[in-house]
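In: Show me how the following folds:
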Amino acid sequence: MASDSQETQVGPQIEHSLTKSHRLDFGFLPIPRSCRPSVTGELPYFGYTKTIAFGTASTFSKYYICCVLHSSAYRTNNFPAVMNLYYNQPILLELAKAFRVDDEGVSKIPTLLQAGYASGLLLLSPLGDLIKRRPLILLLIATSGSLTIGLALTRSLIVFEVLCFLIAFASVLIPLAADLAPANRRATFMSIVFSGLLLGVLLARLLSGIIAQFSSYRNIFWMGAAAQYALLGVLYFITPSTPAKNPHLTYFAIMRSMAKFLITEPALIQGCLIFFCNSAIFSGFWVTLTFLLGGPPYNYSTIVIGLFALVGMVGICMAPVAGRVVDGMVPWTTSLVGMSLLVVSQILQTFAGQRTIAAVVISTILLDIGIQSTQVSMTATIFSMAPEARARLNALLILAIFIGQVAGTAIGTKLFVERGYEVSSGVRVAFGGASLLLLVMRGPHVRRSTWVGWEGGTDLRKPKEVVVEPKTNG
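Out: This is a model prediction of the structure:
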C-alpha cells in the first residue's frame with residue numbers, strides 16, 4: 001500500500017515537471033500541445049509534413065544569401081572580366097548604383113556573407129547539441145527575417161554590410177530532422193532537408209537572374225523576409241519541444257570536442273574530404289555552366305540561363321527517392337553509386353557539353369542526383385557515429401561543403417578564363433576521382449576506428465530484420 005501511495009504522489013509531480021519544462025518558449029510564449037512531449041517523455045511523431053517544412057526553411061535560409069553569392073551567372077558578355085567573380089554580379093552592380101560607390105566599394109559584401117556563414121557554422125550550429133533546439137530554431141528564423149528587412153530598407157553601405165554578415169551568421173542548419181526522424185527512415189527525411197538547401201541555391205539563381213533584369217534588388221530581400229516570417233509561423237506549430245541533449249557540457253567543451261572529432265574520427269575526416277570535393281564539383285559546374293551557356297555556341301539570354309536552374313531542380317526532386325534507397329542499403333553503396341554518377345556527368349560535360357545542349361541537360365540531372373545521393377548516405381553514416389553530437393558533426397560537414405563551394409567557384413572561374421571550358425570541366429572530373437578514391441579506402445562495414453581497410457565483409461544491402469515470435473504456453 002505504501003508503494004501504491006508513493007506512485008500516486010510521484011505521478012502528478014512527473015507530469016507537472018514535464019509539462020512545465022516544455023510548455024513555454026523563452027519563458028513567455030506558449031508551446032502548442034501537439035509539439036509537447038507526453039508525460040512519459042515520448043516526443044511527438046516527426047513525419048513527412050514536418051520534414052518538408054524544415055526542408056522549405058532550409059531553402060529560404062539560403063536563398064537570399066545565394067542571390068548575392070551565386071548570381072554571377074547572369075553577366076553573359078565580356079567573359080575575360082570574370083577574373084574577379086563578384087564584380088560581375090548584377091545584384092552587386094545594382095548595389096553599387098544604390099549606394100553611389102564603384103564596384104570595389106561593394107566587393108566586400110560576398111566576402112562578408114561567406115565569413116558570416118562560416119562563423120555561424122563554427123560558433124552557432126554546435127549549440128544544437130547544448131540547448132533546446134525548438135527555441136533556437138525559432139529565434140534564428142525570426143532574427144534572420146528581421147535583419148533581412150533591414151537589407152531592403154537601409155541606405156547605408158556600412159549598415160548593409162554588417163547586416164549581411166549577421167544574416168549569414170544566423171543562416172545555419174540545425175539537424176533536427178535527423179534527430180527526430182524514425183531510425184528506419186532517417187536517410188529519407190534527411191534527403192528532404194538537403195533538397196531544401198540545394199533548392200535554395202538554384203532558386204537564388206533563377207530569381208536573381210529575373211529580378212536583376214526586370215526589378216529592383218530590394219525585392220529579393222522583401223521576398224526573403226516574407227518567406228522567413230511565413231515559415232516562422234509554420235514551424236511554431238510543428239516543431240517539437242525536445243530536451244537539451246548534453247546539458248552537462250559547457251560551450252567550450254562542445255568546441256573542444258569538435259576539434260577532437262576532426263583528428264580522431266576516420267569516418268568524419270573521410271566525409272569532410274568527400275563533401276569538399278563534391279561541393280567543388282557542384283559550384284564549379286554551375287558557375288562555369290553560366291559562362292558556357294552565355295557564349296558560343298549557345299548565346300542564351302539572361303532569362304534562359306536563369307530558367308536553366310529548373311533542370312537542376314529535376315535532379316533535386318529525386319532526392320527523397322535516393323533517401324529511400326539509402327534506407328534499404330548500406331550507405332557506402334549509395335555513396336559509390338552517387339559518386340560514379342558525378343564522375344560520369346562531368347566526363348560527359350567535358351567532351352560533349354560544348355557540342356549539344358542535350359549533353360548539358362543530362363549532365364545537370366546526373367550531377368544533382370549524384371550530389372544528393374552521396375550527401376544523404378555519407379551524412380547518415382556519420383550521424384550514426386555519435387547521435388549525441390549530431391549538431392557538431394553537421395557543422396563540420398556543412399563547413400566542408402562551404403569551403404568546397406568557395407574553392408570550386410574560384411578554381412572553376414580562373415581555369416575557364418585562362419584555359420577554357422574543357423580544362424575547367426576536366427578538373428571537376430579529377431575531383432570526382434579523388435572522392436571515389438577516398439571512399440574505397442574504407443570498406444562498407446569497417447569499424448569506426450579503421451582508417452584504411454575492408455574488414456567486415458562486402459555486403460551491399462542491410463541485413464533483413466528477423467522478427468522473433470514470443471513463445472506461448474499452449
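
In: for the stretch 51-200 of the chain, what spans make up the helices?
Out: Secondary structure of the stretch 51-200 of the chain by DSSP state H, counting those that start in this stretch: the helices cover 90-99, 103-106, 108-123, 133-153, 157-170, 176-180, 186-214.

In: Compare these and say which comes out lowest on pLDDT.
Out: Ranked by mean pLDDT, the helices of the stretch 51-200 of the chain end with helix 176-180 in last place, scoring a mean of 58.

In: Go ahead and confirm Val376 touches Thr334.
Out: Yes. With contact defined as CB atoms under 8 Å, Val376 reaches Thr334; the gap is 7.3 Å. Heads up, the C-betas are built off the backbone N, CA and C, glycines and all.

In: Who has more neighbours out of those two?
Out: Relative neighbour count places Val376 above the other of Val376 and Thr334, with 31 against 26, counting by other CB atoms under 10 Å.

In: Can you spell out which helices and strands pack onto the strand or helix carrying the more buried one?
Out: In this structure, Val376 is located in helix 357-383 according to DSSP states H and E. Other helices and strands packing on helix 357-383, by 3 or more CB pairs under 8 Å, 6 or more residues apart in numbering; DSSP states H and E, are helix 186-214, helix 266-294, helix 309-316, helix 319-328, helix 331-352, helix 390-419.

In: isn't Gly145 right up against Met223?
Out: No. Using CB under 8 Å as the test, Gly145 is too far from Met223 to be in contact (11.3 Å).

In: the more surrounded of those two?
Out: In terms of neighbours (other CB under 10 Å), Gly145 is the more surrounded of Gly145 and Met223; the figures are 21 against 18.

In: In contact with that one, which residues?
Out: Gly224, Ala225, Gln228, Tyr229, Leu232 (CB atoms under 8 Å, 6 or more residues apart in numbering).

In: Reformat those as a markdown table; add pLDDT, neighbour count and secondary structure.
Out: Conversion of these to a markdown table gives the following (pLDDT from 0 to 100; neighbours: other CB atoms under 10 Å; DSSP: H, G, I helix; E, B strand; the rest coil):
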| residue | pLDDT | neighbour count | secondary structure |
| --- | --- | --- | --- |
| Gly224 | 78 | 25 | helix |
| Ala225 | 84 | 21 | helix |
| Gln228 | 82 | 26 | helix |
| Tyr229 | 88 | 16 | helix |
| Leu232 | 85 | 18 | helix |
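
In: Does Ala244 touch Arg134 like I think?
Out: No. Taking contacts as CB under 8 Å, Ala244 lies outside contact range of Arg134: 10.7 Å.

In: Tell me which of these two has more neighbours.
Out: For Ala244 and Arg134, the more surrounded residue by other CB under 10 Å is Arg134, and the numbers stand at 20 against 14.

In: how about that one, what does it touch?
Out: Contacts for Arg134 were tallied using CB under 8 Å, 6+ apart; they are Asp25, Ile31, Cys35, Thr239, Pro240, Ser241, Thr242.

In: most surrounded residue in those?
Out: When neighbours are counted by other CB under 10 Å, Thr239 leads those with 26 neighbours.

In: For Ser34, see how far away that one is.
Out: 10 Å (CB to CB, to the nearest Å).

In: Now Phe282: closest residue in space that isn't a chain neighbour?
Out: Setting aside the residues directly before and after it, Phe282 is nearest to Ile371 in space (CB to CB, 6 or more residues apart in numbering), at 5.5 Å.
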